[in-house]
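1. sequence and predicted structure are below.
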Amino acid sequence: MSLITSAIGQGLLWAILGLGLFLTFRILDFPDMTVEGTFPLGAATAVALITKGMNPLLATGCAFLAGMLAGLITGLLYTKGKIPILLAGILMMTAAYSINLRIMGRANLSLLGKATLFKNNFLDSLPQYFDGVFVGMIVIIIITVLLVFFLNTDLGQAFIATGDNPTMARSIGIKTDRMTIMGLMISNGMIAMGGALVAQNNGYADVNMGIGIIVIALASIIIGEVAFGELSLSQRLVAVTLGSILYRFVLLIVLQLNFSANDLNLLSAIILALCLLLPRFRKFLHFDRLIERSVRNDQHN
Amino acid sequence: MTNTTSSVPLLELKHVSTIVNAHTPSATKILNDLNLTIYPGDFITVLGANGAGKSTLFNVIGGNLAADEGDVLLHGDSVKQETEEQRTRFLARVFQDPKLGTAPRMSVAENLLLASHRGQRRGLHLRGLRSHMAEFKTMAASMQNNLENRLNTATGNLSGGQRQALSFLMAVESKPELLLLDEHTAALDPKTSQQLMTTTNDRIAQDHLTCLMITHRLEDALTYGNRLIVLSDGKVTYDVRGEEKKQLTKEKLFGFFDEL
């Protein structure tokens, strides 16, 4: 039972990453590698500030701002510098590694004995792992409501159009460079905040905690899409959160098969690859059925 | 077609040249000292062989391409430094490729709503799609191709003709001062193409739009508009308007092309 509760809590916290990446990967329609740097950046910023005595909520806010700054730099490199987005993201991600070490002063920083968003009288009174579910639920509800509102404003629609057809967007006066930068900033801000929350939940920040997180974030998006099919944009945002929880369940099952935590990135990659291949498999299966039918028809004739 | 042209120019291109591969031995001028004055109410059909500079002319007017020499004036003020996005406050454009003019994953209504804010700042106000639906339905019905029944369809699922009709609607929706039609019926089948051309002409007349239309169909160039220009080697080599244009025949135009 506690394993399942833990998986739901983890799923909710990591869904913040999925939602952040959704803005770039699905709406702006490009993969943003910056996130591998901004996730630990958010964790490092929040943990370093908390250990210096800052209020955890304020520290999480600072993590969001740090992430936005990283997104801004990637955005400027891409739009103004004309560096391909993949490379711009990798540049920022690489730079962030050193910055994160600077912020923490070392590779791993513990929050032992410090206040976090997961420590207060109410949360401590809940059964084990329910703190993650509770905090995760509140954060996800706030983020989802804000995103749904934003995407339904004139600005949000211009943002969507930028990803959908930049030529058309420019031709009706939408400043596509600004929209792209804005998207990267919000997205990376959210992912840094996700990092800050995950670090507080785990009780530490580690400079290597960003490795492979783009795959995990993508997995929640893709699993949500595969599981729920055709949806409206607002529904798709909810599907990302559900996808993220489903992904945790899949990991839980796989880990029960005696894989070690060291295999996690390999498993994540395999799960994501399988989900991405699923539409092909479906086509293939359908094709099989067609052959079967035609063979049967031939036998009749 | 009423001739409502006045004597104060809307847009002027003065000695405009564009150079590709500048500062290399293979430098060539696409537009070569081109001069063109567009008056309010002009409906100009633009003819010219491939490579004559028709698309480049549109790109210079639209701000997609900077003129290397010369100036572009709107109501007498230079807009040469303005970006493509800035120029949308007075200009709208329909591309030849139906895919370029609409956002495929957004619905017809959403596209129309986006275009209704052409050239404006877009803020954090709720878009209010529902309150526009009736208006959009009337607007779409004017295209006479069943578009009004597909307002909630993603534009990626429309036929090429419907998509191009939508692109046209989005361009004229906010009554731009200048409309650029870049062979906007060329990718469609003859019947659909004819239908869109007719509605285009009606709409331009009805809203007194100023329009430049590139076409490869001589009949269209003769039938529509009050003015016809021919581009060759990056210059306007022929410019005819009013009665003189009405007298023009296909044979004469052909003859003119032979002279080039």
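-> On my side now, so go ahead.
2. pretty sure residue B:96 is in a helix, no?
-> No. Going by DSSP: H, G, I helix; E, B strand; the rest coil, the assignment for residue B:96 is coil, not a helix.
3. identify the residues contacting it.
-> B:182, B:183, B:184, B:186, B:187 (C-beta atoms under 8 Å, 6 or more residues apart in numbering or on different chains). Yep, even glycine has a C-beta here, placed from its N, CA and C like the rest.
4. separation between the residue nearest to the fourth one when sequence neighbours are not counted and residue B:164?
-> Think residue B:186. Excluding the flanking residues, the one nearest residue B:186 by C-beta to C-beta, 6 or more residues apart in numbering or on different chains is residue B:96, at 5.3 Å. Distance, residue B:96 to residue B:164, by C-beta to C-beta, to the nearest Å: 9 Å.
5. mutual contacts of the two, please.
-> B:184, B:187.
6. can you give the contact residues for stretch B:180-192?
-> By C-beta under 8 Å, 6+ apart, stretch B:180-192 touches B:55, B:58, B:61-62, B:91-98, B:145, B:160-161, B:164, B:167-168, B:193-194, B:196-197, B:200, B:211-216, B:220.
7. hang on, residue A:222 in a helix?
-> Yes. With three-state DSSP as the criterion, residue A:222 is part of a helix.
8. which of the contacts of residue B:96 ranks first by neighbour count?
-> Comparing the contacts of residue B:96 by number of neighbours (other C-beta atoms under 10 Å in any protein chain shown), residue B:184 comes first, having 28 neighbours.
9. quick revisit: which of the contacts of stretch B:180-192 are buried?
-> Among these, those classed as buried by 16 or more other C-beta atoms under 10 Å in any protein chain shown are B:55, B:58, B:61-62, B:91-98, B:145, B:161, B:164, B:167-168, B:193, B:196-197, B:200, B:211-215, B:220.
10. which ones among these lie within helices?
-> Using DSSP state H, the subset of the buried ones among the contacts of stretch B:180-192 located in helices is B:55, B:58, B:61-62, B:161, B:164, B:167-168, B:193, B:196-197, B:200, B:220.
11. now the two most distant members of those residues.
-> Using C-beta to C-beta, these reach their maximum pairwise distance at B:61 and B:161, which is 26.4 Å.
12. before we move on, the earlier item: distance of the residue nearest to residue B:186 from residue B:49?
-> Residue B:96 sits 16 Å away from residue B:49, going by C-beta to C-beta.
13. which ones are touching the residue in the stretch 1-150 of chain A that chain B sits nearest to?
-> Of all residues in the stretch 1-150 of chain A, residue A:150 sits closest to chain B, at 7.3 Å by C-beta to the nearest C-beta. By C-beta under 8 Å, 6+ apart, the contact set of residue A:150 is A:156, A:159, B:124.
14. okay if I get the residues you listed as a markdown table plus neighbour count and distance to residue B:173?
-> A markdown table is the format used below for these (neighbours: other C-beta atoms under 10 Å in any protein chain shown; distance: C-beta to C-beta, whole Å):
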| residue | neighbour count | distance to residue B:173 |
| --- | --- | --- |
| A:156 | 21 | 20 |
| A:159 | 26 | 20 |
| B:124 | 10 | 23 |
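15. just name the closest of those to residue A:91, please.
-> residue A:159 (23.8 Å).
16. doesn't residue A:147 make contact with the closest one?
-> No. Assessed by C-beta atoms under 8 Å, residue A:159 is found out of contact with residue A:147, at 10.9 Å.
17. chain neighbours aside, what residue packs nearest to residue A:72?
-> Nearest non-adjacent residue to residue A:72 (C-beta to C-beta, 6+ apart): residue A:185, at 5.3 Å.
18. you'd agree the one you found is up against residue A:74?
-> No. With contact defined as C-beta under 8 Å, residue A:185 does not count as touching residue A:74 (9.0 Å).
19. show me what counts as buried in stretch A:114-128.
-> The neighbour-count check on stretch A:114-128 (16+ other C-beta under 10 Å) flags A:114, A:115, A:116, A:117, A:118 as buried.
20. ok, the residue nearest to the third one when sequence neighbours are not counted - contacts?
-> By the measure of C-beta to C-beta, 6+ apart, the closest residue to residue A:116 outside its immediate chain neighbours is residue A:200, 3.9 Å from it. By C-beta under 8 Å, 6+ apart, the contact list for residue A:200 reads A:46, A:47, A:50, A:56, A:60, A:111, A:116, A:117, A:118.
21. the first one is in what secondary structure piece?
-> When elements are assigned from DSSP states H and E, residue A:46 belongs to helix A:35-51.
22. what is that helix packed up against?
-> helix A:2-22, helix A:56-79, helix A:85-104, strand A:108-110, helix A:176-202, strand A:204-206, helix A:213-228 (3 or more C-beta pairs under 8 Å, 6 or more residues apart in numbering or on different chains; DSSP states H and E).
23. mind listing what's buried in the third one?
-> Going back to what we said before, that points to helix A:85-104. Under 16+ other C-beta under 10 Å, the buried positions of helix A:85-104 are A:85, A:88-93, A:95-97, A:99-100, A:103-104.
24. check the longest one too.
-> By neighbour count, and taking 16+ other C-beta under 10 Å as the criterion, the buried residues in helix A:176-202 are A:176-177, A:179-202.
25. quick check: angle from that helix to helix A:56-79?
-> Here the directions of helix A:176-202 and helix A:56-79 differ by 150 degrees (axes from the mean of the first three to the mean of the last three C-alpha atoms, to 10 degrees).
26. pLDDT of helix A:176-202, averaged?
-> Across helix A:176-202, the average pLDDT comes to 97.
27. now that helix, how far from the chain's geometric center?
-> 9 Å (C-alpha atoms, centre = their mean, to the nearest Å).
28. that helix relative to helix A:2-22, how many degrees between them?
-> With the same axes, to 10 degrees as the basis, helix A:176-202 and helix A:2-22 are set at 160 degrees to each other.
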